[in-house]
Each structure stands twice: as C-alpha cells, then as structure tokens.
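Q: Okay, sequence plus prediction incoming.
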Protein chains: 2
Amino acid sequence: MTKRIFNFSAGPATLPIEILERAQKDFLNYANEGMSVMEMSHRSKPFEEILHRAKSGVKELLNVPDTHDILFLQGGASLQFSMVPLNLKKEGKDALIINTGSWTKKAIKEIKKASSCKIIASSEDKNFSYIPTIPSLASEDASFAYLCSNNTIFGTQFKAFPDTGSIPLVADMSSDILSRPLDVSKFGLIFAGAQKNIGPSGVTLVIIRKDLAENPDPSLPSMLQYQSFIESNSLYNTIPTFGVYMIALMAEWLKEQGGLGKVQEKNEYKASLLYKEIEENSYYYCPVSETDRSLMNVVFRIHDSEDVEKRFVQEATEAGLSGLKGHRSVGGLRASIYNAHPVEGIEALVRFMKEFQHKYQK
Amino acid sequence: MTKRIFNFSAGPATLPIEILERAQKDFLNYANEGMSVMEMSHRSKPFEEILHRAKSGVKELLNVPDTHDILFLQGGASLQFSMVPLNLKKEGKDALIINTGSWTKKAIKEIKKASSCKIIASSEDKNFSYIPTIPSLASEDASFAYLCSNNTIFGTQFKAFPDTGSIPLVADMSSDILSRPLDVSKFGLIFAGAQKNIGPSGVTLVIIRKDLAENPDPSLPSMLQYQSFIESNSLYNTIPTFGVYMIALMAEWLKEQGGLGKVQEKNEYKASLLYKEIEENSYYYCPVSETDRSLMNVVFRIHDSEDVEKRFVQEATEAGLSGLKGHRSVGGLRASIYNAHPVEGIEALVRFMKEFQHKYQK
C-alpha cells in the first residue's frame, strides 16, 4: 500500500490517485507505443492524439464556443500578465483593473509596462477580504477589463462576473479553472496555470476569443504572440508534452465526475464542511466576507495566537495533513482544496480541527 | 516485460530506462513524502532539494564557474531567441551571428526585433552542410556573438568554439548540452531546451554569466529578465517541477556514466558505428562535411530515391526503429542519438541498414 498524505498545498497540488496510477502504469510504454509519453515527438501521431484529447476535453467541459481557441502555453500566469497587455492593448485606451489582491497587483505591475491602466474597483481598503462591487462600464472605452477570479492568498472568489459589454473581459483563473461551469462567451481571454485544478506545473491554459489575437504587433517576440500558437495548434515550438498528457487525463476524470456542474456541487460540499466547522467552532474564524468566500482556498485563523497557528500547522503535518500554512504575506492558516482534493481529506481536517481545539483551548 | 522500441526522434527523445523506472516507482510517493513530485509545492523542502540536485548536478558535470548561474526556465529555445537580445543588447552595437541553419535563422528573426544584427559567417551557400570558418572578431565591438552548437536538421556540430574575446559568446546548445565537456567560462550565455539530452520538454536550461543579467531594462516583462530568476533561484514563479526532477535524475545518471568525458567517448563511439556504415556502404551517403558531422543527429540519404527513403522509414518503424524520417524541410533520413540513446539501438539500426540494402539495392 502506497503511503499517501492529504495535501492542502496551494499549488502545485493534489492530483486524483486514479490518474496518477494510470500515468504510472503507462510511464514506460504508453498505448503500446514502446515509449513514455515523455519521450514522444510532439509532432508524432500518438502525441497529437493526446493534445487533441486535452483540447477537446477542455472544450467539452467548458462548452467553449467556436469563436474561442484553446491553447497550451508555457510561462504560467506570470507570463500572461505581460502577454495579455502586449496583445490586447489599444493606442490611447486604458486597461481596466479590478484589484483583489497580491496576484492582481503583480499583474498590474506588468500590465503597466505595456499599457495605461485604471483601477476601477479594489478591496485593498479591507486587506482584500471581500470582492468589490464593480461599477458600470457603459461609459468606458477601454482595451480590456481584468480580474483574478479566485484569490489563493486572501481566500476570496468571484461568484458572478461583471458584464463588460464590448470591452473584452480577461480573467486569471489559475486557481479555479474547471472547478465550476462558466459562460466562456462572456470572456475575451481566460488564462490559468495548470498546477492547481487541472494538472502539473509547466503548462498554461489559455482560452482566447480568436479575433483578439489577429494582427499582432510584428515587433513582438513570436513566442509572446497568441497568434503563433493559434496558427500552430499550440505547436509553435516544443510543447510541454507530459503536462498536456496529464491535463488530458484530468479532463477525462472531470467528465467522469459528471461534468462541471457536478464538480461544482462537490466543491461546494467540500468547502461547506470546512466553513461550517470554522463558523460553529468559536476557536477558529474566517476573515473573509461571507458571500465572497473561495471554494478553493479556505483561509482561517485561530484567535489572537500566531504561536498556536504555528503549532496547528506542525501537528497537522505530523497527522498527515500537509500544506496548511497560510501564505507568508498574510500568515494564518489555509486549506487549498481544489478539484482533486478528496472529501476524506476535508473530513480528516475537520476532525483534526476539533481535536486541536479540545487539546489547546484554554 | 515492458515493450520498448528504439526511438531515434529528434526530440523529445529517449530517456534512460533506469531513470524512467526510478520515476515510475516513486510516481505516487516520492521519498516517503506521501505524494508525487508533481503534487509538491515548488516552495516545499523536498522540492527545494530536488531543485538543488538538478542545479548542482549540472554545475558539477560542466564544472560551471561561480561567475555563472544555472537557471531552469520555461518557453524553450524559442523564447531564448528573444530573451537573449532583450537582455544583452547594447545601444548602437550589433549582435554578431554565425548562421548554420534553420534554428539560427529562427533566432535571427527574433533577435532582429530587438537589436541590429550582423551575419559574420554562414554556411547557407552549401545548404548548411558544413560549419563555416569564423573570422577574427578582434576589431569588432558588439553586444554579443551568437551560434547554435549543434544543428539537428542539417546534422552539423561545432567541434570547437571561437574565441570572442570580450564579446559575450551566446550558444544555443539545445541539442548537444551535456553531451561533452565544455569550458563554460568562455561563454556569456548558454541555453538549451531539455528535451533532447537532459530531460523532458517544458524546461529550458540557461547558464548565464551573472554580470550580463545585471541592471535589466525595467520596462521588460519580469518573466523575460534573467535577473528575476537569478534572484529567486529559478523560483520567480511556479517552476515546471516534474521536469526539473527528471533533469536531477538525468544529471545523476550522467555522473554515474563517469562524467562528460566518458559521455563524449560513448557518444563518439555510437556515432562512429553509424557514420562507418554510411561511409562503407555505398547504398547510403552523408551530405555533411566530414569534419563537421554531428554526434547527435546523423543525417544520411539513399542515393537518388526519395521513395526508397520513405520505404526505409516505414520498414524501420515496423522493425521497432522509430523516428528516422529527416526533417520535413530537408527530407532524407536522420538518426538522433542523444546521451540516452543506447548502443543497442545504433547496432540494431546498422543491422537494419545492411538488411535493407541487401533487400532493395538493384
């Protein structure tokens, strides 16, 4: 029996055991090809089929319309922070930003290098503990509007998305992509590092409305032009083959769960177990506005005691519950419970929280 | 018994069976951590140790001096074609290019977007079938000099490198990195996609003289500044963890082979088996200048018959020798035999070449 712990890391994160076992079994000889997926030419038939499975899996799960293309890139969300403005900026127009925390701030820093920016909403006044109301954009004429749908560090999540009219809406969905159904047609561009909800690190999923990629600035590096990857079916250069393979497996697993409606239900149930304990057990509290709490990253605290929180992390780790330390910039505790995190892990954490409280509450 | 074929693909390419077996064994539970390497936080202790193993492995194998840093990036050589000039260009100075084929030409296209360029040597006059003589650079005042050390498509390889004096020498070593000893101190920057000689696709190894990364243009995307990755030990954002793990294993395997001196000897022996057959068997010929033939990509042809070459590829594939088709831009045949390609694969190919000739030579 393989030893497995419950991993609450913010990402890279837990993958479904069935998928890991499948990849392990085929690791030396995929589909009787006599080689590992890792050893295959990215232009070979078996790999092209894997790429097709990953792409059509995402297309089916999110019901991506034909106006949009699905790309697998490298560089993570951090490179998207630059690719988005370099491809979508328009002379004399602002990028409109909704600022919900550290990741948006990092994006703003990069967007500003390429484009003028206007912050149209922010929750910085209350340490990003809520999702701000977004003003009407009816009178705005902007190149794009930008938000981060789920904020891993502060534990907030957009439950609905603003109607941006003719302004392309761009969303960093690195930490909640494929965790719930989505009307992709409302977005100009969605990007996500794979390493939280849909695979290993090293692949960036981009869903882009094709017209936004047309006529790129020819002085831009080819690797930073979305059009290079649209034209080549993500094979402009050597794609991270094994990561795409894991995404193909993960998309199939999500379909086996019953699709994203069912996945969302399961994610809601998993998060509710934790939020319920935090609400009912006065030893803990959640600093996040109730309506904006993330289903992916449950941020919580123990009243007035950083030392006790440290002890919590340590004893939890010893009990096989790993990765519960809050982000270094905010402290506290955090349970990241993406798609693949099993209900059993949450149940074990709730039990541990009760035991810990009984042991240490004065 | 797992079915394994001999894979002559130009990359991604064969990995050593011992390493694949090791990774397979640990796939669900690495070092008794209770999780896959793929599931580990890139900022966790066990992953930091893996990163250290990969980095110190490369450092030891290539005897990298302390003036240089070793980075693991994303985006492949194709992104380096832009990162190099964006970081190394100097106002009013040229980049000096040695043009040895398709990959250099792609690099030139991107370098030109950022910097003025001067082609100082080229083998284009004879379809890149040789390595050109490089003129003295004593009178040049340039930002950097650029070459591609091994040309996968045309089958040529630099056997020695030019002395560029105070001009930083930049080399794309994607297809022969860690295949032979190297005096790294002579280079300003070396880059290599991992997927041929040292691991899977999705990781780019960069070895850079640290002073060349200092004071980057602040308007450059942070992800395109080498300094971002030097300061963060390659952890500016989420690193492709599993790929780095495979590089760590591969570096250890290369050390077990006896280091790069021994690796070169083995590579020379492997290539000599093939070149010998091509020279001695009049049914085949090698279009590459004898002194410049690559140890990594053995390009060969069957006289005047593209149809017969097609049949060669097909029958070889059926015999378990895969990936022997020449690059689509040049046709013919090509055996890519990187570090991990076993001698047995070459011996099987030589046997096949003889059999094929007996069967079809008129």
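A: Good, I have the coordinates.

Q: Can you list the helices and strands that the lengthiest helix in chain A packs against?
A: Longest helix of chain A, by residue count under DSSP state H: helix A:260-280. Counting contacts by 3 or more C-beta pairs under 8 Å, 6 or more residues apart in numbering or on different chains; DSSP states H and E, helix A:260-280 packs against strand A:284-285, strand A:297-302, helix A:343-360. No exception for glycine: its C-beta is placed from N, CA and C like everyone else's.

Q: switch the cut-off to 10 Å
A: Helix A:260-280 sits against helix A:45-62, helix A:241-256, strand A:284-285, strand A:297-302, strand A:333-336, helix A:343-360, with contacts defined as 3 or more C-beta pairs under 10 Å, 6 or more residues apart in numbering or on different chains; DSSP states H and E.

Q: quick one: pLDDT of residue A:135?
A: Looking at residue A:135, its pLDDT reads 92.

Q: re earlier: quick one, which of the helices and strands packed on helix A:260-280 is nearest to residue B:104?
A: helix A:241-256 (24.8 Å; C-beta to C-beta).

Q: And the strands in chain A?
A: A:6-7, A:68-73, A:94-99, A:117-122, A:142-148, A:150-151, A:156-157, A:169-172, A:189-193, A:204-209, A:284-285, A:297-302, A:321-322, A:333-336 (DSSP state E).

Q: and residue B:96, which of the ones you listed is closest to it?
A: Nearest to residue B:96, of all the strands of chain A, is strand A:68-73, at 31.1 Å by C-beta to C-beta.

Q: helices or strands next to the closest one in the packing?
A: Using 3+ C-beta pairs under 10 Å, 6+ apart: strand A:68-73 touches helix A:45-62, helix A:76-88, strand A:189-193, strand A:204-209, helix A:226-231, helix A:241-256.

Q: Please produce TSV containing those, extended by distance to chain B, mean pLDDT and mean neighbour count.
A: Shown next, in TSV, are the helices and strands packed on strand A:68-73 (distance: least, C-beta to the nearest C-beta, whole Å; pLDDT from 0 to 100; neighbours: other C-beta atoms under 10 Å in any protein chain shown):
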stretch	distance to chain B	mean pLDDT	mean neighbour count
helix A:45-62	8	98	19
helix A:76-88	4	98	24
strand A:189-193	6	98	26
strand A:204-209	9	98	24
helix A:226-231	9	98	19
helix A:241-256	5	98	23
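
Q: okay if I get these as JSON lines plus distance to residue A:285?
A: JSON lines is the format used below for these (distance: least, C-beta to C-beta, whole Å):
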{"stretch": "helix A:45-62", "distance to residue A:285": "35"}
{"stretch": "helix A:76-88", "distance to residue A:285": "30"}
{"stretch": "strand A:189-193", "distance to residue A:285": "30"}
{"stretch": "strand A:204-209", "distance to residue A:285": "35"}
{"stretch": "helix A:226-231", "distance to residue A:285": "43"}
{"stretch": "helix A:241-256", "distance to residue A:285": "33"}
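
Q: so how far is the first residue of stretch A:64-75 from its last?
A: Start to finish, the residues bounding stretch A:64-75 are 23 Å apart (C-alpha to C-alpha, to the nearest Å).

Q: For that stretch, what is the distance to the chain centroid?
A: Offset of stretch A:64-75 from its chain centre (C-alpha atoms, centre = their mean, to the nearest Å): 15 Å.

Q: got a pLDDT number for the closest residue to residue A:21 other than its chain neighbours?
A: Distances taken as C-beta to C-beta, 6 or more residues apart in numbering or on different chains put residue B:28 closest to residue A:21, at 6.9 Å, once the chain neighbours are dropped. Model confidence at residue B:28, given as pLDDT, is 96.

Q: need the contact list for residue B:28.
A: Residue B:28 makes contact with A:2-4, A:15, A:17, A:20-21, A:23-24, B:34-36, B:38-39, according to C-beta atoms under 10 Å, 6 or more residues apart in numbering or on different chains.

Q: How about stretch A:117-135, which residues are buried there?
A: In terms of neighbour count (16 or more other C-beta atoms under 10 Å in any protein chain shown), stretch A:117-135 has its buried residues at A:117, A:119, A:120, A:121, A:122, A:123, A:128, A:129, A:130, A:131, A:132, A:134.

Q: For the closest residue to the third one other than its chain neighbours, the count of nearby residues, please.
A: The reference is to residue A:120. In this structure, residue A:120 finds its nearest non-sequential neighbour in residue A:96, 4.8 Å apart by C-beta to C-beta, 6+ apart. Neighbour count of residue A:96, defined by other C-beta atoms under 10 Å in any protein chain shown: 25.

Q: Does residue A:96 touch residue A:108 like I think?
A: No - counting by C-beta atoms under 10 Å, residue A:108 is not a contact partner of residue A:96; they are 11.2 Å apart.

Q: Show me whatever sits in contact with both of the two.
A: Looking at what touches both residue A:96 and residue A:108 (by C-beta under 10 Å, 6+ apart), the common residues are A:117, A:119, A:146.

Q: list the contacts for the second one?
A: Neighbour list for residue A:119: A:94, A:95, A:96, A:97, A:98, A:99, A:104, A:108, A:132, A:146 [criterion: C-beta under 10 Å, 6+ apart].

Q: quick check, nearest of those residues to chain B?
A: Nearest to chain B, judged by C-beta to the nearest C-beta, of the contacts of residue A:119 is residue A:108 at 12.2 Å.

Q: Could you count how many residues lie near the closest residue to the closest one other than its chain neighbours?
A: Of all residues not flanking residue A:108 in the chain, residue A:97 sits nearest, at 5.8 Å (C-beta to C-beta, 6+ apart). When neighbours are defined as other C-beta under 10 Å, residue A:97 has 25 of them.

Q: Next: residue A:92.
A: Residue A:92: 8 neighbours (other C-beta under 10 Å).

Q: Likewise for residue A:279?
A: Residue A:279: 13 neighbours (other C-beta under 10 Å).

Q: how close does residue A:129 get to residue A:362?
A: 27 Å (C-beta to C-beta, to the nearest Å).

Q: I should have written residue A:281 there, sorry.
A: 15 Å.

Q: Save the shared contacts of residue A:96 and residue A:108 as JSON lines, and put in pLDDT too.
A: What follows is the shared contacts of residue A:96 and residue A:108, written out as JSON lines (pLDDT from 0 to 100):
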{"residue": "A:117", "pLDDT": "96"}
{"residue": "A:119", "pLDDT": "97"}
{"residue": "A:146", "pLDDT": "98"}
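
Q: For residue B:358, state which of the residues you listed is nearest.
A: Nearest member of the shared contacts of residue A:96 and residue A:108 to residue B:358, counting by C-beta to C-beta, is residue A:146, at 66.2 Å.

Q: Would you check that my belief about the closest one contacting residue A:95 is correct?
A: Yes - using C-beta under 10 Å, residue A:146 is in contact with residue A:95, at 6.0 Å.

Q: Now do the shared contacts for these two.
A: A:84, A:85, A:88, A:107, A:108, A:111, A:117, A:119, A:120, A:170.

Q: Count residues in the vicinity of residue A:109, would you?
A: Using other C-beta under 10 Å: residue A:109 sits among 14 other residues.

Q: related to what we said a few turns ago, need the shared contacts of residue A:146 and residue A:95 in TSV (columns: distance to residue A:288).
A: TSV is the format used below for those (distance: C-beta to C-beta, whole Å):
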residue	distance to residue A:288
A:84	27
A:85	29
A:88	31
A:107	21
A:108	22
A:111	26
A:117	26
A:119	21
A:120	22
A:170	24
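
Q: residues from the stretch 251-362 of chain A in reach of chain B?
A: A:320, A:322, A:323, A:325, A:328, A:336, A:340 (C-beta under 10 Å from any C-beta of the partner chain).

Q: which ones are touching the last one?
A: When you say that, I think you mean residue A:340. Contacts of residue A:340 by C-beta under 10 Å, 6+ apart are A:7, A:13-20, A:196-199, A:250, A:253-254, B:39.

Q: Output the below-cut-off pLDDT ranges for the stretch 1-150 of chain A.
A: Confidence mapping of the stretch 1-150 of chain A against pLDDT under 70 gives the ranges A:1.
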